[in-house]
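Peer 1: the following comprises the amino acid sequence and a computationally predicted model.
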Amino acid sequence: MAPPHPVMRAVKGVVLLLCCAVVVLPFVGVVATSLADQQQITAAGGYVLWPAHPSLDAYAAIFRGGVVTRATLVSIGVTSVGSALSVIVVALLAYSLSRPGSFGHRPILMLVLVTMLFNAGMIPNYLLVKQLGLIDSWWALILPPLVSAFQVIIVRAFFMEVPTEIIDAARIDGASELQILTRIMLPLSKAVLAVVALFQAVAYWSAFFNAMLYINSTDKWPLQLVLRTYVVDNAAIGTDLPGEVVPPQQSLQMAILVVSLVPILLVYPFLQKHFAKGVVIGAVKG
């Protein structure tokens, strides 16, 4: 094939730069606005791209206020526990469904597939959570999204691709099904399980609707619900700082938004090396 024309290469470069700018500039503006004072925000029309005198007063204010600190700890706890339990349950269910002779293999597999096509809806889900006594409980944020049928199918497809000779050799050596799973399957499936953990962590960290439905106590709110209350609903953010040094409301809102974004940005690079491999594992090959 002939090399691309220099003009086309330049056009592609410009398009890529524009795409990067569309992605990066809003985030830069959010960070810059969180560091700006009221005078800069007013002069810039509410959106600062480069603060003249950056200050961390907004971050000090939201964390000294207590609400954001408590909500951040709630989100970290829910995300950590939920992601760990999700990986365990998905791995156990996928392994059992990947063994053709397992008890109830086909009916359970059909139930999993049906959940990919049909959803009970908000009201039945709420009634179920209420009947289980999970209203105003952190488990109401963890258990409903615990298992994803799509992820179960992906992990099951990977387990089915493992050569049966390896499993048969382990059984001849006297290994139980649990030993086969923990000593053979799980070490081989680090990439796909890392992707499952990443997807679930992002889902748990970003979720706020379940908290709106099931959580009544404000001290159990996750960070995303606090973010929605203060940014979308434009509620006033209370702080413990003296009145003369309270940052502008928009800086406080942008600071909460940055705090909600940073954890995922820090975790993602450590799992990125597994992402490309894990996503295509179990895909249809032709």
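Peer 2: Here it is on my side, so go on.

Peer 1: please make it C-alpha for all contacts and neighbour counts, starting now.
Peer 2: Will do.

Peer 1: next, count neighbours for the nearest residue to residue 212 once chain neighbours are set aside.
Peer 2: Leaving aside its sequence neighbours, residue 212 sits nearest to residue 225 (CA to CA, 6 or more residues apart in numbering; 7.3 Å). Using other CA atoms under 10 Å, residue 225 has 22 neighbouring residues.

Peer 1: shift numbering so it begins at 157
Peer 2: Let's use 157 as the start, then, which means that last one is residue 381.

Peer 1: secondary structure element for residue 381?
Peer 2: helix 379-383 (DSSP states H and E).

Peer 1: which helices and strands sit right next to that helix?
Peer 2: helix 223-254, helix 365-370, helix 405-436 (3 or more CA pairs under 8 Å, 6 or more residues apart in numbering; DSSP states H and E).

Peer 1: quick one: which of those helices is nearest residue 204?
Peer 2: Counting by CA to CA, residue 204 lies closest to helix 405-436 out of those; the figure is 10.0 Å.

Peer 1: could I get the helices and strands packed on helix 379-383 as a markdown table with distance to residue 209, mean pLDDT and mean neighbour count?
Peer 2: As requested, the helices and strands packed on helix 379-383 are exported to a markdown table (distance: least, CA to CA, whole Å; pLDDT from 0 to 100; neighbours: other CA atoms under 10 Å):
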| stretch | distance to residue 209 | mean pLDDT | mean neighbour count |
| --- | --- | --- | --- |
| helix 223-254 | 24 | 90 | 20 |
| helix 365-370 | 37 | 89 | 16 |
| helix 405-436 | 13 | 73 | 17 |
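
Peer 1: what's the closest of those helices to residue 205?
Peer 2: Closest among these, using CA to CA: helix 405-436, at 12.6 Å.

Peer 1: now the helices and strands packed on helix 379-383 as TSV including distance to residue 283?
Peer 2: What follows is the helices and strands packed on helix 379-383, written out as TSV (distance: least, CA to CA, whole Å):
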stretch	distance to residue 283
helix 223-254	21
helix 365-370	10
helix 405-436	30
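
Peer 1: among those helices, which is nearest residue 350?
Peer 2: helix 405-436 (6.5 Å).

Peer 1: coming back round to it: could you give the average pLDDT over the helix holding residue 381?
Peer 2: Mean pLDDT, computed over helix 379-383, is 85.

Peer 1: can I get it as CSV, trimmed to CA atoms?
Peer 2: Extracted C-alpha coordinates of helix 379-383, given in CSV (Å, rounded to 0.1, in the frame of the first residue of the first chain):
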residue,chain,number,x,y,z
LEU,A,379,-20.2,10.6,47.0
GLN,A,380,-22.1,10.6,43.7
LEU,A,381,-25.4,11.4,45.5
VAL,A,382,-23.7,14.3,47.3
LEU,A,383,-22.3,15.4,44.0
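
Peer 1: how far is stretch 305-322 from where the chain is centred?
Peer 2: Centroid separation for stretch 305-322 versus its chain: 23 Å, with CA atoms, centre = their mean, to the nearest Å.

Peer 1: count the residues that sit near residue 305.
Peer 2: 17.

Peer 1: return the residues in contact with it.
Peer 2: Applying CA atoms under 8 Å, 6 or more residues apart in numbering, we find residue 305 in contact with 268-269, 271-272.

Peer 1: could you dump these to a markdown table with pLDDT, neighbour count and distance to residue 204?
Peer 2: Formatted as a markdown table, the contacts of residue 305 follow (pLDDT from 0 to 100; neighbours: other CA atoms under 10 Å; distance: CA to CA, whole Å):
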| residue | pLDDT | neighbour count | distance to residue 204 |
| --- | --- | --- | --- |
| 268 | 85 | 19 | 48 |
| 269 | 85 | 15 | 48 |
| 271 | 85 | 13 | 45 |
| 272 | 82 | 11 | 43 |
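
Peer 1: the residues you listed in helices, which ones?
Peer 2: Counting by DSSP state H, those place 268-269, 271-272 in helices.

Peer 1: about what we covered before: for the contacts of residue 305, which one is nearest residue 196?
Peer 2: Distance to residue 196, by CA to CA, is smallest for residue 272 among the contacts of residue 305, at 49.2 Å.
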